[in-house]
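Visitor: could you look at this predicted model? Sequence included:
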Amino acid sequence: MSAEKTSQKIKYQKLISERANKLSPSGIRKFFDLLASIEGVISLGVGEPDYATPWHLCEAAVKSLEKGYTMYTSNSGIPELRELTARYIKEKYNVDYDPYGEILITVGVSEALDLTMRAILNPGDEVIMTDPHYVAYDSCVILAEGVPVMVPTYEESGFEVDAADIESRITPKTRAILIGYPSNPTGAVMPRKKLEAIADVARRRNIMVISDEIYARLNYGAEHTCFASLPGMRDNTILLGGFSKAYAMTGWRVGYALAPAEIIAAMTKIHQYTIMSAPTPAQVTAIEALKTGEADVLEMVADYDRRRKVIVKGLCDIGLSCFEPKGAFYAFPSITCTGLTSEEFSEKLLTEEKVAVVPGSAFGQCGEGYVRCCYATSLADIEEALKRIGRFVKKHRK
């Protein structure tokens, strides 16, 4: 008999790790795949600015390519970028970081989050986080063999998390508290006093706080509090941020992590074996953003604010009660008046009215009954989407 006939077919499922099997497919990507098959869709689903990266930032990358600057950088990132990031955080939030030991430039905040979990978690360690939350939070914990522990948050309390609720979930296995404000998907912003209460819990219980502040610059009448700036929290915080949202640089993939040197060193070891360094032209663009991009940020934020007001009022007018977001660029309306689940609502809205939103259930159990609408798209598209959603809600209202 031939070797081909006697060989057994490989059972590929047995090759898949338990960690990978524990992950659920992204609820966001499912709708993006469906969206690609339908023409004429208005998308309120993609969580990125509709702006192109300002040309004067792109031009810095072009010039670097013309000069042949296409080699690897330091694992930690271009020194000038680390220095400018340290200066930026100092000027904005009055927190000092050493650019030569306490800052790591990463491939977006997503990599920074992944590195954080892999650097600090042992199997079975717990990370406390809010529900709803950004889709990668629990997945990164699971991939690091940790255990996500959810703290429910509710519209009635502004989707803000209370320190007492966090503390009640602390166990001997708790390794960190993960928070992300301004919030994706709700747009909530935490008041300073509530953050101070969380900081008090973290200090007393000797627990690190991982603060994802990628939307820090996108605030509308609500001041952002950098968690590391709170009394005693500079050395108890792993601060994550980046350039994607504020500077319309999502595709460039540049983020950063700031933390005590020992933690950054551990993260860098993993980073150097998996990534080596963030893309060189993207780092050059980030340097230019920190040098000359402030006016662009302010212009975009003002425009998002105008869109925010239109979409929130429009959703409320058509009968979808909507919490007023104070940050990021998402509205999170309740769809319970239709009697549909968030996934049913999103699928039917896409097929019947060609409007793409993301089901709230993609962000955790507490997201059920809501959908996420990104208003970082044109005002004309928002207004047309509202007309279509209005027809849909009228048709399906219970």
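Guide: It's in. Numbers count the residues shown, from 1 in each chain.

Visitor: hey, let's count contacts and neighbours off CA atoms from now on
Guide: Noted.

Visitor: quick one, helices of the stretch 151-300 of the chain?
Guide: Secondary structure of the stretch 151-300 of the chain (DSSP state H, counting those that start in this stretch): helices at 163-167, 192-205, 261-274, 280-292, 294-317.

Visitor: relative to residue 181, which of these is closest?
Guide: helix 192-205 (10.1 Å; C-alpha to C-alpha).

Visitor: what's near enough to touch residue 383?
Guide: Applying C-alpha atoms under 8 Å, 6 or more residues apart in numbering to residue 383 gives the contacts 310, 311.

Visitor: against residue 227, how distant is it?
Guide: 36 Å (C-alpha to C-alpha, to the nearest Å).

Visitor: which residue ranges of this structure form strands?
Guide: 42-43, 103-106, 126-131, 147-152, 174-180, 208-212, 237-242, 255-258, 330-331, 355-356, 358-359, 371-374 (DSSP state E).

Visitor: can I get those strands in TSV with mean neighbour count and distance to residue 300?
Guide: Converted to TSV, those look like this (neighbours: other C-alpha atoms under 10 Å; distance: least, C-alpha to C-alpha, whole Å):
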stretch	mean neighbour count	distance to residue 300
strand 42-43	21	19
strand 103-106	30	24
strand 126-131	24	28
strand 147-152	21	32
strand 174-180	23	21
strand 208-212	24	21
strand 237-242	25	16
strand 255-258	27	19
strand 330-331	28	15
strand 355-356	26	23
strand 358-359	29	23
strand 371-374	28	14
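
Visitor: wait, isn't residue 339 in contact with residue 393?
Guide: No - between residue 339 and residue 393 there is no contact under C-alpha atoms under 8 Å: 10.3 Å.

Visitor: more crowded one of these two?
Guide: Legend: neighbour count by other C-alpha atoms under 10 Å for residue 339 and residue 393, higher for residue 393 (18 against 13).

Visitor: run a quick neighbour tally on the closest residue to the more buried one other than its chain neighbours.
Guide: Using C-alpha to C-alpha, 6 or more residues apart in numbering and skipping the chain neighbours, the partner closest in space to residue 393 is residue 338 (6.7 Å). Close neighbours of residue 338, defined as other C-alpha under 10 Å, add up to 19.

Visitor: so what's residue 338 up against?
Guide: Applying C-alpha under 8 Å, 6+ apart, the residues near residue 338 are 393, 396, 397, 398.

Visitor: show the contacting residues for the spatially closest residue to residue 152 that is not a sequence neighbour.
Guide: Once flanking residues are discounted, residue 152 sits nearest to residue 131: 4.8 Å by C-alpha to C-alpha, 6+ apart. Residue 131 makes contact with 150, 151, 152, 153, 363, 364, 365, 366, 367, according to C-alpha under 8 Å, 6+ apart.

Visitor: to residue 94, which of the helices of the stretch 151-300 of the chain lies closest?
Guide: That would be helix 192-205 among the helices of the stretch 151-300 of the chain, by C-alpha to C-alpha, at 15.3 Å.

Visitor: and the helices of the stretch 151-300 of the chain, which is most packed in?
Guide: helix 280-292 (a mean of 21; mean count of other C-alpha atoms under 10 Å).

Visitor: that one packs against which elements?
Guide: helix 55-66, helix 79-93 (3 or more C-alpha pairs under 8 Å, 6 or more residues apart in numbering; DSSP states H and E).

Visitor: which residues are in contact with stretch 244-254?
Guide: 48-54, 105-109, 214-215, 217-218, 242-243, 255, 278-279, 282-283, 286, 289, 293, 296-297, 300-301.

Visitor: so for it, mean pLDDT?
Guide: For stretch 244-254, mean pLDDT rounds to 96.

Visitor: how about stretch 16-36?
Guide: 73.

Visitor: please apply the same query to stretch 192-205.
Guide: Stretch 192-205 comes out at a mean pLDDT of 98.

Visitor: repeat that for stretch 99-106.
Guide: Mean predicted confidence for stretch 99-106 is 98.

Visitor: from the chain's centre, how far out does it sit?
Guide: 20 Å (C-alpha atoms, centre = their mean, to the nearest Å).

Visitor: how far does it stretch from start to finish?
Guide: 14 Å.

Visitor: which residues make contact with that stretch from outside it?
Guide: 76-77, 79, 82-83, 85-86, 97, 112, 253-261, 264-265, 268, 271, 277-278.

Visitor: could you do stretch 71-84 as well?
Guide: 99-100, 103-106, 268, 271-272, 276-280, 283-284, 286-287, 290.

Visitor: dump that stretch to CSV, restricted to CA.
Guide: This file holds the C-alpha atoms of stretch 71-84, laid out as CSV (Å, rounded to 0.1, in the frame of the first residue of the first chain):
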residue,chain,number,x,y,z
MET,A,71,15.6,49.8,9.2
TYR,A,72,14.7,48.4,12.6
THR,A,73,14.6,50.9,15.5
SER,A,74,15.5,50.1,19.1
ASN,A,75,13.2,47.5,20.6
SER,A,76,11.9,50.2,22.9
GLY,A,77,11.3,52.6,20.0
ILE,A,78,13.0,55.6,18.5
PRO,A,79,14.6,57.6,21.4
GLU,A,80,13.1,60.9,20.2
LEU,A,81,9.6,59.4,20.2
ARG,A,82,10.1,58.1,23.8
GLU,A,83,11.5,61.5,24.8
LEU,A,84,8.6,63.4,23.2
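
Visitor: I appreciate the help and will end here.
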